[in-house]
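S.K.: build the 3D model from these lines:
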Amino acid sequence: MIMILLFSAIVAGLTLMMIEQAFMESRSQSVEQSESLNSIPMVLTLEMENYDSIDNTNDRIYIVFKFPYASSNIPDTNVKWALICDNGGATTHSHFVALSEGDFDFATTLTGNALDQNAINEFEPHTYYHMILRGNSPNNNGECDLEEGLAASLVIAVENGRTTEIDFLIPDGVENGEDLLS
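M.R.: Have a look, this model is predicted:
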């Protein structure tokens, strides 16, 4: 009888230990997951910084953003952007998807010039930043040529985090400083 009680106590102790371990692992996993899921970039301004009607050499888009839900700092090289354009002919109904891309290494706080690679190394939660996206990125090899009437998408992705996609249209007669979010 004593052996049965002793055996039952050992089994109950081992069972409690296994349950406790499972809960501890799920808690640490949920903390890691919530940190990555909270890193949603919020774009506040998307404007035409410079429009080049000939090619994409001088096409630039100005962006203001922040990470309002991030629970910790995010390295600036862990945030990537991609500009996806449909540069096909409207009359021939052909489609040519072009891509320009880069990271947010050139972002600065609002007091900076939006083009300084060494201004910051990481994004702090609840802080406003701005940056200029170039149509010919990376390294003058980007293919996205911003044209009047062009439908495009800007995708911002955080490594091990969330993505934001903004669809916009370059209006006819676009001018520098024109809002692309409306």
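
S.K.: residue 51: neighbour count?
M.R.: 19 (other Cβ atoms under 10 Å). In short, each C-beta sits where N, CA and C put it, glycine included.

S.K.: residue contacts, it?
M.R.: 59, 146, 170, 174, 175, 176 (Cβ atoms under 8 Å, 6 or more residues apart in numbering).

S.K.: and the helices in this structure, which stretches?
M.R.: Ranges of helices in the chain, per DSSP state H, are 2-37.

S.K.: and it, what are its domains?
M.R.: Per the record, the chain has its domains at 1-37, 40-169, by automatic domain parsing.

S.K.: residue 144 contacts residue 85, doesn't it?
M.R.: Yes. Look at residue 144 against residue 85 with Cβ atoms under 8 Å: they come within range, at 4.1 Å.

S.K.: which neighbours do these two share?
M.R.: Common neighbours of residue 144 and residue 85, using Cβ under 8 Å, 6+ apart, are 98, 99, 100, 152.

S.K.: ok, so of those residues, who is nearest residue 46?
M.R.: residue 152 (10.5 Å; Cβ to Cβ).

S.K.: quick one: the closest one from residue 135, how far?
M.R.: Noted for residue 152: a distance of 10 Å to residue 135, by Cβ to Cβ, to the nearest Å.

S.K.: what's the answer for residue 71, then?
M.R.: 34 Å.

S.K.: residue 10 too?
M.R.: In terms of Cβ to Cβ, residue 10 sits 69 Å off from residue 135.

S.K.: who's more crowded, those two?
M.R.: A count of neighbours by other Cβ under 10 Å puts residue 135 above the other of residue 10 and residue 135, at 24 against 10.
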